[in-house]
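>>> whatever this is, show me its structure:
(one chain, ligands or ions: 1)
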Amino acid sequence: MVLDSLASSLRETIRKVTGSSYVDSETIKEVVRDVQRALLKSDVNVKLALQLTKNLETRAKEEKPPAGMTSQDFLVKIIYEELLKIIGKDSKLVLKPQVIMLVGLYGQGKTTSAGKLAKFFNKKGMSCGLIAADIHRAAAYEQLDQIAKQVGVPFFGIKGEKNPVKIVKAGLKQLENIQVKIIDTSGRDALDEDLISEIKDLKQVASPDEVLYVLDATIGQQAGPQARAIDEAVGITGVIITKMDGTGKGGGALSAVSEINSPIYFIGTGEHMDDLEIFNGNKFLSRLLGLGDLETLMEAFKDTNITEEEAEESLSKLMSGKFNLMDMYDVWEKFAQPSIMRKMIDSLPLAKIPGGNKINPNDIETAQNKLSTYRVIMDSMSYKELENPEIINSKRIQRVAKGSGTSEVQVRQLLREYKAMKDNLKMMKGNRGFKKLLKNQIKSGNFGLDESMFNS
Ligand SMILES: Nc1nc2c(ncn2[C@@H]2O[C@H](COP(=O)(O)OP(=O)(O)OP(=O)(O)O)[C@@H](O)[C@H]2O)c(=O)[nH]1
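Predicted coordinates:
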């Protein structure tokens, strides 16, 4: 996937920080150097990389961790927050009748993304139509017509017409009863004045609600100035980063997005019409840093006005069994404090507590001890093992037990409980009642524990 090299370098840095016994100026210097190297290696532009690491260094030196947070975790939090700034703020396309104009360089994926967007709106129950205003590339008309048929939406174009303004004017008229009209414009090299003036004219005639810049994730450094040129010409309101399933470094695309300071609405993850994902910066970055989706889930669900849809989307991800030991670690981390545990047990109909509904203090004590042992064990596991527990064989169990000063029995017990939790969630997938219950708990910021937590 794109940004893989950035991900692995940053995970290594985070691992170093969480594994260090204290944070001093040396640690900070090393982290800043690591992050800077990782960003530059993945093609993030120098100015942006230096700005980010300067902020990181200043904050790490001047800010104090909040009560209850270790300096290591606080440093990871600062790294996360500074990276989130270049990933960009979250924003969503509003589901309302609108005109969307797609702009971007040659071959970035505009036409394909036009089809993906049409399918996205269709799935939301909105009528959508495509207008072929790309008069430069041979067969662009046929390609968009083909895509419109594939997605099942109306298409408008004028074969052989060389004036895109005429096409757009007629197209908007023809599709006036369609809620969402998407205009696919010609690919362009931003520094080409004629083409810039063409999209200015198109914007004039279409007065689009959204001008989306379509950008190939594998594009290099030249992306920044070109994105800026288009933004200055027509004002970009959002970005679609395509080909995130590719193998490029990805830093050039991130630099371009940061340069025009526009939100990323979607990412393209393949050539098919379904390969379009709503972009969520927190989730994207958490996954990139291997902090697990669950971490994002908990962050996101603290905000109670999470829509049904988002809860549903995250829930099915969770119940598809795609969460790993890291996610489980996050859950346990989050709920390890007795106060939170007490609150959750009192409010959670889900946890079948041994001995009926009441819970006595030493049960919490037991759970507490178990969690701290598990934390120690997991801290001795490699990222790869946390991410794919399935690779943990007896040799690794031996090493982890030894490294964590625990026994192989305890390591095996942890792996058994992880598997049970994963199977439970997967097994309950079809159970609507459980799903509804869990979704409500997630939305209210609680997350179901199972009884194994409370067995000694
Ligand atoms: N792997 C992958 N391929 C993509 C994605 N989006 C688009 N493509 C492919 O990229 C190529 C170019 O896509 P187009 O949609 O034709 O690009 P365009 O921006 O319309 O090109 P111009 O009209 O020349 O400006 C096609 O082969 C697409 O299938 C994506 O998210 N992932």
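>>> my read: F121 touches K181, true?
No: the pair F121 / K181 is not scored as a contact, 10.3 Å apart, by CB atoms under 8 Å. The way it works is simple: take the backbone N, C-alpha and C, and place the C-beta from them, glycine included.
>>> what about the two, which has more around it?
For F121 versus K181, the count of surrounding residues by other CB atoms under 10 Å is larger for K181: 27 against 22.
>>> what mean pLDDT does stretch 116-126 get?
For stretch 116-126, the mean pLDDT works out to 92.
>>> centroid residue for this structure?
F284 (2.0 Å; CA atoms, centre = their mean).
>>> got a list of what that residue touches?
The contact partners of F284, by CB atoms under 8 Å, 6 or more residues apart in numbering, come to 87, 267.
>>> one step back: joint contacts of F121 and K181?
Going by CB under 8 Å, 6+ apart, residues that sit against F121 and also against K181 are C128.
>>> so which residues on the stretch 101-250 of the chain come close to the ligand?
Within reach of the ligand by CB under 6 Å from any ligand atom, the stretch 101-250 of the chain has these residues: 104, 106-112, 134, 137, 140, 187, 214, 242-243, 245-246.
>>> buried ones from the residues you listed, can you make that a PyMOL selection?
Typed into PyMOL, the line below selects the buried ones among these, using 16 or more other CB atoms under 10 Å:
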select buried, resi 104+108+109+110+111+112+134+140+187+214+242+243+246
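>>> poorly predicted segments of the stretch 151-300 of the chain, please.
Residues of the stretch 151-300 of the chain that meet the criterion pLDDT under 70 lie in 189-190, 291-300.
>>> show me the helices in it, by range?
With DSSP state H, counting those that start in this stretch as the definition, the stretch 151-300 of the chain shows helices at residue ranges 164-174, 193-206, 223-234, 251-260, 281-288, 293-302.
>>> run the chain-centre distance for the fourth one.
This means helix 251-260. Per CA atoms, centre = their mean, to the nearest Å, the displacement of helix 251-260 from the mean C-alpha position of its chain is 16 Å.
>>> what's the closest non-adjacent residue to G152?
N122 (7.2 Å; CB to CB, 6 or more residues apart in numbering).
>>> part of a helix, is that neighbour?
Yes: under DSSP: H, G, I helix; E, B strand; the rest coil, N122 falls within a helix.
>>> residues in contact with it?
N122 makes contacts with 128, 151-153, as judged by CB under 8 Å, 6+ apart.
>>> and the two most separated of those?
The widest separation within those, taken as CB to CB, falls between C128 and G152 and amounts to 9.7 Å.
>>> ok and the residue in the stretch 201-350 of the chain nearest the ligand?
Nearest to the ligand in the stretch 201-350 of the chain, going by CB to the nearest ligand atom, is G268, at a distance of 2.7 Å.
>>> that residue: neighbour count?
By the other CB under 10 Å criterion, the neighbourhood of G268 contains 25 residues.
>>> if we can go back for a sec, more crowded one of C128 and G152?
Higher neighbour count among C128 and G152: C128, with 25 against 10, using other CB under 10 Å.
>>> close enough to count as contact, the more buried one and F121?
Yes: the pair C128 / F121 is scored as a contact, 4.3 Å apart, by CB under 8 Å.
>>> what sits in contact with each of these two?
Common contacts of C128 and F121 (CB under 8 Å, 6+ apart): 179-180.
>>> name the nearest residue to the residue of the chain found nearest the ligand, ignoring sequence neighbours.
Residue of the chain nearest the ligand, by CB to the nearest ligand atom: G187 (2.1 Å). Once flanking residues are discounted, G187 sits nearest to Y106: 3.6 Å by CB to CB, 6+ apart.
>>> could you look up the SS state of the one you found?
Per three-state DSSP, the secondary structure class of Y106 is coil.
>>> pretty sure G403 sits against M378.
No: contact between G403 and M378 fails when scored by CB under 8 Å: they sit 11.0 Å apart.
>>> and those two? Which one has more around it.
With neighbours defined as other CB under 10 Å, G403 and M378 compare such that M378 has more, 22 against 13.
>>> which is the next helix or strand following the helix or strand the more buried one falls within?
Here M378, judged by DSSP states H and E, is contained in helix 361-379. Note on helix 361-379: by DSSP H and E, the next helix or strand toward the C-terminus is helix 383-387.
>>> how is the chain divided into domains?
Annotated domains of the chain cover 4-87, 98-288, 292-454 [automatic domain parsing].
>>> buried deepest among the ones you listed, which one?
Stretch with highest mean neighbour count among these: domain 98-288 (a mean of 20; mean count of other CB atoms under 10 Å).
>>> distance between the ends of that domain?
Terminal residues of domain 98-288 are spaced 33 Å apart (CA to CA, to the nearest Å).
>>> where does the stretch 351-456 of the chain dip in pLDDT?
Confidence mapping of the stretch 351-456 of the chain against pLDDT under 70 gives the ranges 351-368, 424-456.
>>> read off the pLDDT value for S71.
For S71, the predicted pLDDT is 87.
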